[in-house]
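J.: Please find the sequence and the predicted model below.
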Amino acid sequence: MSVLRSQVEGWGGYLPERVLSNEDLARMVDTSDSWIVERTGVRQRHIAAPGEYTSHLAIHAAEAALATAGASADEIDLIVLATSTPDNTFPATATKVQAGLGVTHGAAFDVQAVCTGFVYALAIADNFIKAGQFKCALVIGAETFSRILDWTDRSTCVLFGDGAGALLLRAANTSGGNDARGVLSTHLHSDGRQHDLLFVDGGPSSTQTVGHLRMSGRDVFRRAVGLLAEAVEEALAANGLSASDIDWLAPHQANKRILDATARKVGVPEHKVVCTVDRHANTSAASIPLALAEAAGDGRIQPGHLVVLEGMGGGFTWGSAVIRW
Ligand code: ACO
């Protein structure tokens, strides 16, 4: 029996040119390179230039994904863009990406699940493809978190950066086993009771302002490892797989300590964890596709590898995806 699956054909990432180092930050707020590295693993982050918007970053990443796939923009019939930092309140930034790529058919919309946004976007695109409604999707995570940071708050401004990453998914008939290429599963969760631990204190309906990111870092940290480890275990069980089957764990890049503790809890050795947080910081919805683009681009992730994605963010939201690359 043939089973329709979403296969990864292309990947791409984009980081704005300007690099902001920990030393630069130490000149802006009362912090130090050693504090930031020890608590987070972050050494630098990229910051979008004035006039450089989320859509611009997303278009660069999408073009790179089209190039690695050897696909043309006309083949795209679905664009799902995960972002919490859209260009405008509406319309969806995805429609600006669609226009920027010269695509004039199909559907384009945004998804907002903060740092879990890419996992949510992938799940949506995968379900549309499996249902037969779309055939070729760009799934993008793109953020300009620098625009919603309070640059006087040292407890948050050191953690985040800007960037974008994209995957190109195409429908393919497969045998359906867990060794057949494509997205094997996605699992999504949320718990709105945790809203106040990580949120932006503005919005069109509440304050009519954009607002700034606010976070109770210690509480987020405490919950993150447990939720992420459970998400990976749920994903493996659903596919009849174990931790030793994982070739690459591609986590949301929140913080090196969260990455390490989660990998340890699920039993994945450090050399199988894709880590970019040292150079990119936390780029929210962009962090997973940026990590995938880097590891696939340099040849670590190979066709047939089992790649597990996991993320957690404001809401709380959290989830996982398992891909036979
Ligand atoms: N530089 C120097 N000192 C700082 C800084 C800074 N940038 N930020 C906070 N401090 C100080 C605090 O004021 C505090 O000082 P005090 O003891 O005199 O009051 C001290 O450092 C310890 O503060 P904590 O918040 O307890 O530090 P902690 O070890 O928890 O580390 C951190 C803070 C890095 C934010 C950590 O809690 C964390 O990583 N949390 C997870 C948050 C996260 O990654 N969120 C991302 C979004 S959600 C997600 O992506 C999963």
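T.: Thanks, I have the structure now. Residues are numbered from 1 along each chain as shown.
J.: what does this structure have sitting close to the ligand?
T.: 31, 35-36, 39-40, 115, 154-155, 158-159, 198, 215, 217-218, 220-221, 224, 252, 254-255, 282, 312-313 (C-beta under 6 Å from any ligand atom). Any C-beta I mention is one placed from the backbone N, CA and C, and that applies to glycine too.
J.: Now, these that are in strands?
T.: 198, 215, 312-313 (DSSP state E).
J.: So of those residues, which two are at opposite extremes in space?
T.: Using C-beta to C-beta, the two most remote members of those are Met215 and Met312, lying 12.7 Å apart.
J.: neighbour count winner among the two?
T.: Met312 (30 against 18; other C-beta atoms under 10 Å).
J.: What's the local residue count around the closest residue to the ligand within the stretch 1-150 of the chain?
T.: Residue nearest to the ligand within the stretch 1-150 of the chain (C-beta to the nearest ligand atom): Thr31, separated by 3.3 Å. Thr31 has 17 neighbours, counted by other C-beta under 10 Å.
J.: Let me see the contact set for it.
T.: Contact partners of Thr31, counting by C-beta atoms under 8 Å, 6 or more residues apart in numbering, are 22, 25, 154, 158.
J.: and the closest residue to the first one other than its chain neighbours, what does it touch?
T.: Leaving aside its chain neighbours, Asn22 sits nearest to Asp33 (3.9 Å; criterion: C-beta to C-beta, 6 or more residues apart in numbering). If a contact means C-beta under 8 Å, 6+ apart, then Asp33 has 21-23, 26, 43 as its contacts.
J.: Most neighbours among these, please name it.
T.: For these, neighbours tallied by other C-beta under 10 Å; top is Asn22, 20 neighbours.
J.: Convert the C-alpha atoms of stretch 138-155 to PDB, please.
T.: Extracted in PDB, the C-alpha atoms of stretch 138-155 (Å, rounded to 0.1, in the frame of the first residue of the first chain):
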ATOM      1  CA  LEU A 138       7.700  26.000   2.000                       C
ATOM      2  CA  VAL A 139       7.800  25.900   5.800                       C
ATOM      3  CA  ILE A 140       9.600  28.900   7.200                       C
ATOM      4  CA  GLY A 141      10.500  30.200  10.600                       C
ATOM      5  CA  ALA A 142      11.600  33.800  10.600                       C
ATOM      6  CA  GLU A 143      12.000  36.300  13.400                       C
ATOM      7  CA  THR A 144      13.200  39.800  14.300                       C
ATOM      8  CA  PHE A 145      13.100  39.400  18.000                       C
ATOM      9  CA  SER A 146      15.500  42.300  18.400                       C
ATOM     10  CA  ARG A 147      12.400  44.500  17.700                       C
ATOM     11  CA  ILE A 148      10.500  43.200  20.800                       C
ATOM     12  CA  LEU A 149      13.300  43.100  23.300                       C
ATOM     13  CA  ASP A 150      13.700  45.600  26.100                       C
ATOM     14  CA  TRP A 151      17.300  46.500  25.500                       C
ATOM     15  CA  THR A 152      17.500  47.800  29.100                       C
ATOM     16  CA  ASP A 153      16.600  44.400  30.600                       C
ATOM     17  CA  ARG A 154      19.700  42.300  31.000                       C
ATOM     18  CA  SER A 155      17.700  39.200  31.900                       C
END
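J.: Good, wrapping up.
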